[in-house]
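**Q** here are the coordinates; sequence isn't available:
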């Protein structure tokens, strides 16, 4: 009898051990803080630049208390947006958290609160996430009209690092970047193609015209079959639910047509000097339809399938319908990523002017969490229960009719009014290498002022001024 009891007790030992281990794991799991990490960033891109958020082309968004390698705007007005990113934390307080943040093919220009930094890596060690600050003096002083004040109004946890406390982690990065989207056609319908390695989400086109603004939306612009598809995010990363593909998606009062043609890419239209600016010849009237111009034959180019986006009718700047199709629709899509209302309001406050009210075409699109993680790896210990990552790309100078604009600008280099000549010169300087073919043709122009300014612009691009 005793022997049987000893055998039974021996057999129960593994079961007891397993139960004890499960109880210990459950206790640890219950003790682990449950918090969310949200990361959003704005990438300012231009095909004339090699970087998104290029150091020499954009001012710093940071207040004076934050060290930055960018120039500060000073008393100048908000002529252009500023690169910015932000990490915010929600949920349980964390007594000790470590954050390791890197950027591949890029560098950090500023960060706050200050981290242990290398050019492409930031580390916050022995940092805490707390619910309240005991003394408001722990927060850095900034003016009442600075965006820091709006960012502090949310319900995120405070980040305490060394002697500094803030309600967020702000950062500014410059990334090696090539704009991955190509447009052709317009202004009623644009043929759009993704020539990059990752899908583009929530593609938005905003086109100013004399009659009003025209806008178009597309849920997703896929990559080509041969491209590496980094679109699938981890299961625990918050991303919008996948939508069933459809031939047409209704967006407001206009119809968004999506036609995929995997066998035919968008034909590039080469900008040849002889075509766009013959010597001593007047340019075409601005706004001439692109359909009436000679088009290059379709060629097999790398990239995703061709997609057509139908644009809305022209809408007045103060029309409620325009607001619905711009600010309201953008907010809805950003909220669908997992960002909260306060974060979306801050993004719109910072970038609505650049996205919806620019004097030139703007294309905006979003990268999903997996793509952002591939470019900007972010690790925290302990790990968050949920992570939301959003990169919003704001791209300019990709209008397929930009050749017409460049020709008109070159003609204005000889305008009788100095202010008009100087304005055209400055805009051509901004366009950089996109203007080179037209500027070369302008070296044979009959107006000495046009030739002189074309030479200066070419030399600024380290180009030869030999007209032959």
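**A** On my side now, so go ahead. This structure is a prediction, so every number in the text was calculated from the model and none was measured.

**Q** please tell me how far the residue lying closest to residue 66 once chain neighbours are set aside sits from residue 331.
**A** Once flanking residues are discounted, residue 66 sits nearest to residue 112: 4.5 Å by Cβ to Cβ, 6 or more residues apart in numbering. C-betas here are computed from N, CA, C, even on glycine. To residue 331, residue 112 is 26 Å away according to Cβ to Cβ, to the nearest Å.

**Q** who has more neighbours, these two?
**A** residue 112 (23 against 17; other Cβ atoms under 10 Å).

**Q** can you pull the pLDDT of the more buried one?
**A** Predicted confidence (pLDDT) for residue 112: 97.

**Q** do residue 19 as well
**A** At residue 19, pLDDT is 49.

**Q** check residue 224 too.
**A** The model's pLDDT for residue 224 equals 79.

**Q** quick one, grab the pLDDT at the nearest residue in space to it that is not next to it in sequence.
**A** Closest residue to residue 224 apart from its sequence neighbours, by Cβ to Cβ, 6+ apart: residue 304 at 4.6 Å. pLDDT, residue 304: 83.

**Q** need the three-state assignment for residue 304.
**A** Classification of residue 304 using DSSP: H, G, I helix; E, B strand; the rest coil returns coil.

**Q** look up how far residue 391 lies from it.
**A** Noted for residue 304: a distance of 19 Å to residue 391, by Cβ to Cβ.

**Q** circling back to that earlier point, burial measure for the residue nearest to residue 224, as a count.
**A** Count around residue 304 with other Cβ under 10 Å applied: 26.

**Q** sketch out the helices for the stretch 51-200 of the chain, chain order is fine.
**A** Secondary structure of the stretch 51-200 of the chain by DSSP state H, counting those that start in this stretch: the helices cover 147-151.

**Q** pLDDT weak spots in it?
**A** By pLDDT under 70, the weakly predicted segments of the stretch 51-200 of the chain are 74-79.

**Q** in it, which spans are strands?
**A** 51-52, 84-91, 94-102, 106-112, 116-118, 121-130, 158-161, 164-166, 169-176, 181-185, 189-194, 200-209 (DSSP state E, counting those that start in this stretch).

**Q** return the most buried member of the ones you listed.
**A** When those are scored by mean count of other Cβ atoms under 10 Å, the highest mean neighbour count falls to strand 51-52 (a mean of 24).

**Q** that strand packs against which elements?
**A** Other helices and strands packing on strand 51-52, by 3 or more Cβ pairs under 8 Å, 6 or more residues apart in numbering; DSSP states H and E, are strand 35-45, strand 169-176.

**Q** out of the strands of the stretch 51-200 of the chain, the one nearest residue 69 is which?
**A** strand 106-112 (5.0 Å; Cβ to Cβ).

**Q** show residues contacting that closest one.
**A** 51, 53, 55, 60, 62, 65-70, 83, 117, 119-122, 140, 164, 166, 169-176, 375 (Cβ atoms under 8 Å, 6 or more residues apart in numbering).

**Q** for stretch 54-68, same thing?
**A** With Cβ under 8 Å, 6+ apart as the criterion, stretch 54-68 contacts 44, 46, 49, 69-73, 76, 80-84, 109-112, 114, 140-143, 146-148, 170, 172, 174, 350.

**Q** which of those residues are buried?
**A** 44, 46, 49, 70, 80-84, 109-112, 142, 147-148, 170, 172, 174, 350 (16 or more other Cβ atoms under 10 Å).

**Q** could you list every residue that touches residue 158?
**A** 129, 130, 131, 132, 133, 165, 166, 167.

**Q** same question, residue 49
**A** Contacts for residue 49 were tallied using Cβ under 8 Å, 6+ apart; they are 57, 432.

**Q** how about it, secondary structure?
**A** Residue 49 ends up coil, using three-state DSSP.

**Q** try residue 424
**A** Relying on three-state DSSP, one would call residue 424 helix.

**Q** that one: neighbouring residues, count only.
**A** Count around residue 424 with other Cβ under 10 Å applied: 21.

**Q** any idea of the pLDDT on it?
**A** Looking at residue 424, the pLDDT reads 83.

**Q** can you give me the pLDDT of the closest residue to it other than its chain neighbours?
**A** By the measure of Cβ to Cβ, 6+ apart, the closest residue to residue 424 outside its immediate chain neighbours is residue 412, 3.7 Å from it. Turning to residue 412, the model gives it a pLDDT of 81.

**Q** distance of residue 412 from residue 450?
**A** For residue 412 relative to residue 450 (Cβ to Cβ), the value is 9 Å.

**Q** who's more crowded, these two?
**A** residue 450 (22 against 19).

**Q** contact partners of the helix or strand where that one lies?
**A** Secondary structure from DSSP states H and E places residue 450 in helix 448-460. Contact partners of helix 448-460, identified using Cβ under 8 Å, 6+ apart, comprise 410-411, 413-414, 421, 425, 428-429, 435-436, 439-440, 442-445, 464-465.

**Q** weed out the non-buried ones from those.
**A** 410-411, 413-414, 421, 425, 428, 435-436, 439-440, 442-445.

**Q** from those, which land in helices?
**A** The members of these that map onto helices under DSSP state H are 410, 411, 421, 425, 428, 436, 439, 440, 442.

**Q** ok, the fourth one touching residue 413?
**A** Yes. Assessed by Cβ atoms under 8 Å, residue 425 is found in contact with residue 413 at 6.3 Å.

**Q** can you list the domain ranges for this protein.
**A** Following automatic domain parsing, one gets these domains for the chain: 35-176, 181-229+246-286+301-365, 402-460.
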